[in-house]
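Participant: Got a predicted structure here, sequence first:
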Amino acid sequence: MGKDSKPSSKGKGKQAAAGGEDSASKGKGKGGKSGDGLGTCTYVKARHVLCEKQGKINEAYKKLQDGWLNNGDKVPPAEFAKIAAEYSECPSGKKGGDLGWFPRGKMAGPFQEVAFNTPVGATSAPFKSTHGYHIILCEGRKN
């Protein structure tokens, strides 16, 4: 993975689901909200897996890939929750990684960047923050 925790606002392609600001204008709106979603909302609802070691987060991501990501990037929240309960070292892991709704500005650096730029229903690639290694499932967004 390397240094993919750059907090730059350009959103370069290290996080597969976080395509940067450009992706909002490329017609990714499968839910009928084509241009308004990525990076412009005020709140995001997300689940995550947090691991201290890169090897452990990669193992969790591989399970997601083998089960769902190779079939269109849509992991059901209940299935993501099982992976979070099994792998996450965050207290939220007991709740399936559920972070609920949080506003822009609450989460730090790369976590916020990825959370607010991951399309609804999509799962981010593993990335590093100051707390460890994460995978995020974006469940919703609102203003």
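Facilitator: It's in.
Participant: Pretty sure residue 40 sits in a helix.
Facilitator: No. Applying DSSP: H, G, I helix; E, B strand; the rest coil, one finds residue 40 to be coil, outside a helix.
Participant: Can you check which strand is longest in the protein?
Facilitator: strand 132-142 (DSSP state E).
Participant: buried ones in it?
Facilitator: Under the neighbour-count criterion of 16 or more other Cβ atoms under 10 Å, strand 132-142 has 132-139, 141 buried. Where C-beta positions appear, they are placed from N, C-alpha and C, glycine not excepted.
Participant: Now tell me which of those residues the prediction trusts least.
Facilitator: Of all the buried residues of strand 132-142, residue 141 carries the smallest pLDDT score, 91.
Participant: and that one, what does it touch?
Facilitator: Counting by Cβ atoms under 8 Å, 6 or more residues apart in numbering, residue 141 makes contact with 37, 41, 43-45, 116, 120.
Participant: quick one: which of the residues you listed is nearest residue 74?
Facilitator: residue 120 (10.1 Å; Cβ to Cβ).
Participant: And the closest one, how far from residue 136?
Facilitator: To residue 136, residue 120 is 12 Å away according to Cβ to Cβ, to the nearest Å.
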